[in-house]
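Engineer: Provided below are the primary sequence and the corresponding predicted coordinates.
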Amino acid sequence: MTYVIGLISGTSADGIDAALVDISGSGYELDVELVAAETYGYSQELQQDILAIAAGELLSMPQLAQLDDRIARAFSQAALNIQQGHPPAELIGSHGQTVFHRPPNGTLGYSVQLGRGEAIANLSQIPTISNFRRADLAAGGHGAPLVPPIDACLLGHPTQTQCVQNLGGIGNVTYLPANSRENRDGVYGWDTGPANSLLDLAIYHLSQGRQSYDKNGEWAATGTPCQPLLETWMQDPYFQQPPPKSTGREYFGAQFWNLCQQQADDRTLAPADLLATLTEFTALSIASEYQNFLPHMPDRVLLCGGGSRNSYLKSRIAHHLSPIPVLTTDDVGLNAEFKEAIAFAVLAYWRSHGVPGNLPQVTGAQSFQLLGEVHLTSEAIATMVAS
Ligand SMILES: Nc1ncnc2c1ncn2[C@@H]1O[C@H](COP(=O)(O)OP(=O)(O)OP(=O)(O)O)[C@@H](O)[C@H]1O
Ligand SMILES: CC(=O)N[C@H]1[C@@H]2OC[C@@H](O2)[C@@H](O)[C@@H]1O[C@H](C)C(=O)O
């Protein structure tokens, strides 16, 4: 039994998801129990600074160092908070905060996660594993998505073929054929495109900064999707590209939103219709990615991530995938909101036991890799030096 803390702030940069899990077993035969989970919101100032550089704002090196410090402090505080009242954690697996992601394209990919692991280890005094994407990128992969092998381990079903669809800022799918807990050869996964990133930008703009997301899709549900705009957006080259593929806010972020807004203005689209069109875009792009790139359509779809709470979005996904049942991972006993945080705890556990964390057929890497860089605490280093 090992207590491990998983930490991540995703592309929405809304705050740090922290999960304290109790892990036992080895390789893919794991027993993972969620002990505590919490989201620690970033201050509005920190969120704005992160979103600004993710949207291309320039920073000097001192400003970059300061931002990295602020994020590392917030992550270590999240770790200390989540473990309060529980047995001490032996390990932290921290994804950090993605601020830049460039998929490989003739040259190696490049992905930057701030909130450096050595600072988290130093501040929390808990050994920390971070930079999980690097080894996969170095092997020619996208470094993303990394969650599919954890989905196979925690959600693989003996007889059913399933898709696990994450709806964060960006959407990503894991395809799990029957028996994928035992055999991962047929497991696939890639980023399907935008999930909430464009919707969140639209809501923020349309509500003059009063709302950061469309709670349960209530506003979008009052509108009607604009078919010609949807057809234009679905022509985007990302949806023609076969997997392996990954994307981020550099692509489906501020610039893409500005274009959507301009096109909506040209058509004098009402705010609710624009939100309905963006919600439909997420649902339709997911269904189209499945139809174009999955080996088989699944027996059922399990949603997770913040967007799985958006009942209107969920109903539009179910409409486009009908008659395939669309559930959430909560329905099968895995917390839909904290699955990514749990995944980084498992990746840290695998790293500490020498188990490779990537699936080359998912990320496009040339080979299996041990993922993550290990940062010992200053106390542990001092003990090693003394002995
Ligand atoms: N009740 C809700 N109704 C509608 N949308 C919601 C609700 N709760 C959360 N969301 C959406 O989920 C988003 C956050 O999701 P999540 O935390 O999974 O994203 P992330 O982890 O930042 O992204 P990624 O998985 O791309 O890294 C919010 O920005 C919001 O758009
Ligand atoms: C570079 C980066 O941070 N990518 C994220 C992002 O958010 C969702 C999707 O795009 C996914 O590919 C990935 O995160 C999850 C945790 C993953 O690696 O599986």
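Structural biologist: Here it is on my side, so go on. Ligands and ions are numbered 1, 2, ... in the order given.
Engineer: check whether stretch 194-204 contacts ligand 2.
Structural biologist: No: shown here: stretch 194-204 not in contact with ligand 2 (C-beta under 6 Å from any ligand atom), separated by at least 7.8 Å. Bear in mind the C-beta positions are built from the backbone N, C-alpha and C, glycine included.
Engineer: report the distance from that stretch to the chain centre.
Structural biologist: In terms of C-alpha atoms, centre = their mean, to the nearest Å, the centre of stretch 194-204 is found 15 Å from the chain centre.
Engineer: ok, stretch 72-79 next?
Structural biologist: 19 Å.
Engineer: likewise stretch 357-370?
Structural biologist: Chain-centre distance of stretch 357-370: 17 Å, with C-alpha atoms, centre = their mean.
Engineer: gap between the two ends of that stretch?
Structural biologist: Terminal residues of stretch 357-370 are spaced 6 Å apart (C-alpha to C-alpha, to the nearest Å).
Engineer: what residues does the chain put near ligand 2?
Structural biologist: Residues of the chain lying near ligand 2 (C-beta under 6 Å from any ligand atom): 10-11, 98, 101, 111, 144-147, 166, 168, 170, 172, 191, 246, 248, 340.
Engineer: now, those that are in strands?
Structural biologist: Among the residues of the chain next to ligand 2, the members falling in strands (DSSP state E) are 98, 101, 111, 166, 170, 172, 191.
Engineer: which two of those have the greatest separation?
Structural biologist: Between any two of those, the greatest separation by C-beta to C-beta is 17.1 Å, found for Ser111 and Asn166.
Engineer: quick one, which of these two is more surrounded?
Structural biologist: The residue with more neighbours, out of Ser111 and Asn166, is Asn166; 29 against 21, by other C-beta atoms under 10 Å.
Engineer: I'd say the more buried one and Ala336 touch.
Structural biologist: No: if you go by C-beta atoms under 8 Å, Asn166 and Ala336 don't touch, sitting 9.1 Å apart.
Engineer: rewinding a little: buried subset of the residues of the chain next to ligand 2?
Structural biologist: Among those, those that count as buried by neighbour count (16 or more other C-beta atoms under 10 Å) are 10-11, 98, 101, 111, 144-147, 166, 168, 170, 172, 191, 246, 248, 340.
Engineer: returning to what we had before: joint contacts of Asn166 and Ala336?
Structural biologist: Applying C-beta atoms under 8 Å, 6 or more residues apart in numbering, one finds that Asn166 and Ala336 are jointly contacted by 303-305.
Engineer: now, those residues that are in strands?
Structural biologist: 303-304.
Engineer: now, which of the shared contacts of Asn166 and Ala336 lie close to ligand 1?
Structural biologist: Gly305.
Engineer: looking at the shared contacts of Asn166 and Ala336, spot the one nearest Tyr40.
Structural biologist: For the shared contacts of Asn166 and Ala336, the closest approach to Tyr40 (C-beta to C-beta) belongs to Gly305, at 17.4 Å.
Engineer: tell me if I'm right that the closest one and Val173 touch.
Structural biologist: No: shown here, Gly305 and Val173 do not form a contact pair, counting by C-beta under 8 Å, at 11.3 Å.
Engineer: overlap of the contact sets of the two?
Structural biologist: Common neighbours of Gly305 and Val173 (C-beta under 8 Å, 6+ apart) are Asn166.
Engineer: next, give phi and psi for Val187.
Structural biologist: phi -80, psi 130 (degrees, to the nearest 10).
Engineer: next up, the contacts around it.
Structural biologist: Val187 touches 148-149, 151-152, 174-177, 180, 359, 361-362, counting by C-beta under 8 Å, 6+ apart.
Engineer: in helices, which of these appear?
Structural biologist: Within the contacts of Val187, residues falling in helices by DSSP state H are 148-149, 151-152, 361-362.
Engineer: let's have those residues in TSV, adding neighbour count.
Structural biologist: Formatted as TSV, the ones in helices among the contacts of Val187 follow (neighbours: other C-beta atoms under 10 Å):
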residue	neighbour count
Pro148	26
Pro149	28
Asp151	28
Ala152	26
Gln361	16
Val362	27
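Engineer: I'd like these laid out as TSV, including pLDDT.
Structural biologist: Output for those, formatted as TSV (pLDDT from 0 to 100):
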residue	pLDDT
Pro148	98
Pro149	98
Asp151	98
Ala152	98
Gln361	98
Val362	98
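Engineer: any idea how far Gly193 is from the residue in the stretch 151-300 of the chain positioned nearest to ligand 1?
Structural biologist: Of all residues in the stretch 151-300 of the chain, Gly168 sits closest to ligand 1, with a separation of 1.9 Å (C-beta to the nearest ligand atom). Gly168 sits at a distance of 12 Å from Gly193 (criterion: C-beta to C-beta, to the nearest Å).
Engineer: what parts of the stretch 101-250 of the chain come near ligand 1?
Structural biologist: Counting by C-beta under 6 Å from any ligand atom, the stretch 101-250 of the chain sits next to ligand 1 at 166, 168-170, 196, 200, 213-217.
Engineer: if you could redo that for the stretch 251-387 of the chain, that was the one I meant.
Structural biologist: Applying C-beta under 6 Å from any ligand atom, one finds that the stretch 251-387 of the chain approaches ligand 1 through 305-307, 309-310, 340.
Engineer: Ile82 is in contact with Ile5, correct?
Structural biologist: Yes: at 6.0 Å, Ile5 and Ile82 qualify as touching, with contact defined as C-beta under 8 Å.
Engineer: so what sits against both of the two?
Structural biologist: With contacts defined as C-beta under 8 Å, 6+ apart, the residues shared by Ile5 and Ile82 are 18-20.
Engineer: next step: the residues you listed restricted to helices.
Structural biologist: Among the shared contacts of Ile5 and Ile82, no residue falls in helices (DSSP H).
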